[in-house]
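Enquirer: Below are the sequence and a predicted model for it; my questions follow.
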Amino acid sequence: MPYSYFDDNTADRHCSAADYAGEYLFNALNIGEEMLVSGAEVSRVEESIRRICTAYGAERVDVFAISTAIFATVYSPLYGALSQTRRLTSSRYDLHKLTRLNCLACRICDEMPLFEDVERELEDIRQNTPQYSEAAMFGIYALVSSSFTLFFGGTWMDTAASAVIGAFLRCMDYVSCKLELPPTIAAVLWSFAGGCLAQFFVASGFGHSTELISVGNVMLLIPGMLLTNSIRDMFSGDTISALHGFCNAFLLAALIALGFALPSFLW
């Protein structure tokens, strides 16, 4: 909608333009929030929000994003400066969803669709992005866990035990999501439960090495994407976001190691 649309008096034009800007900024932050939650690096989120707002008529766009918040200000002579913020409290990495969000952002910049169309497509991405079934997720967790145990030299009994524990960790992941547990608490609970089960399998004769069983389970919990994004942010010059992500990854890794180590002292 071109800004020549506003042809009333100055106050009405200012009010209408501010409402219009607030709407497209709100939609841009919705897309940026979903991208950040899905695993995008902050530079991509900032650039996407900037391009969307510029496409809809903003003369200047300033965006600052970290892994837990987004701050954006747009400016135009028609309405002055307008700011919005967004607080993020969780993340669920989904690269297919991120791909669809990137495509939506590109389409907005090329076509400038109506706000209703943007909201409808964004809701479709939220609700209808294909997900693996629960049965497939159990199989994936078991396969990943057992593969690493076998790779690092575990016996077939260690591999089977690691697969069972991997499937159990998927159950814990599902429960923690339903209970909305903080990532740090969930990481400690998962790793401690995995360590206890590894000790149990070895003590009962179904397995030979607690360490080799556990190393496969550890691979399910390592915050690899968080660490990778923090390194990318560091090379992109986003130092604050990089340090925040790196500290979070280091803390999670330390808690996971502690959780797996505790059963060996208590058993």
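Expert: Yep, that arrived. Numbering: from 1, shown residues only.

Enquirer: can we go C-alpha only for contacts and neighbour counts from here?
Expert: Fine.

Enquirer: Buried residues in the lowest-mean-pLDDT helix or strand in the chain, which are they?
Expert: Lowest on mean pLDDT, DSSP states H and E among the helices and strands of the chain sits helix 10-38, with a mean of 82. If you call a residue buried by 16 or more other Cα atoms under 10 Å, then helix 10-38 has these buried ones: 13-14, 16-18, 20-22, 24-29, 31-38.

Enquirer: helices or strands up against that helix?
Expert: helix 42-55, strand 69-76, strand 80-87, helix 95-111, helix 115-128 (3 or more Cα pairs under 8 Å, 6 or more residues apart in numbering; DSSP states H and E).

Enquirer: Relative to Glu211, tell me which of those wins on proximity.
Expert: Between Glu211 and the helices and strands packed on helix 10-38, the shortest gap by Cα to Cα is with helix 95-111, which sits at 31.5 Å.

Enquirer: Would you agree Pro113 falls within a strand?
Expert: No. If the criterion is DSSP: H, G, I helix; E, B strand; the rest coil, then Pro113 is coil and not within a strand.

Enquirer: isn't Thr210 right next to Gln199, touching?
Expert: Yes. Using Cα atoms under 8 Å, Thr210 is in contact with Gln199, at 5.9 Å.

Enquirer: For Phe260, give me its contacts.
Expert: 191-196, 214 (Cα atoms under 8 Å, 6 or more residues apart in numbering).

Enquirer: how about the nearest residue to it, chain neighbours excluded?
Expert: Leaving aside its sequence neighbours, Phe260 sits nearest to Gly195 (Cα to Cα, 6 or more residues apart in numbering; 4.6 Å).

Enquirer: For the helix or strand harbouring the one you found, list every residue counted as buried.
Expert: Following DSSP states H and E, the helix or strand that holds Gly195 is helix 183-203. Buried residues in helix 183-203, defined by neighbour count with 16+ other Cα under 10 Å: 186-202.
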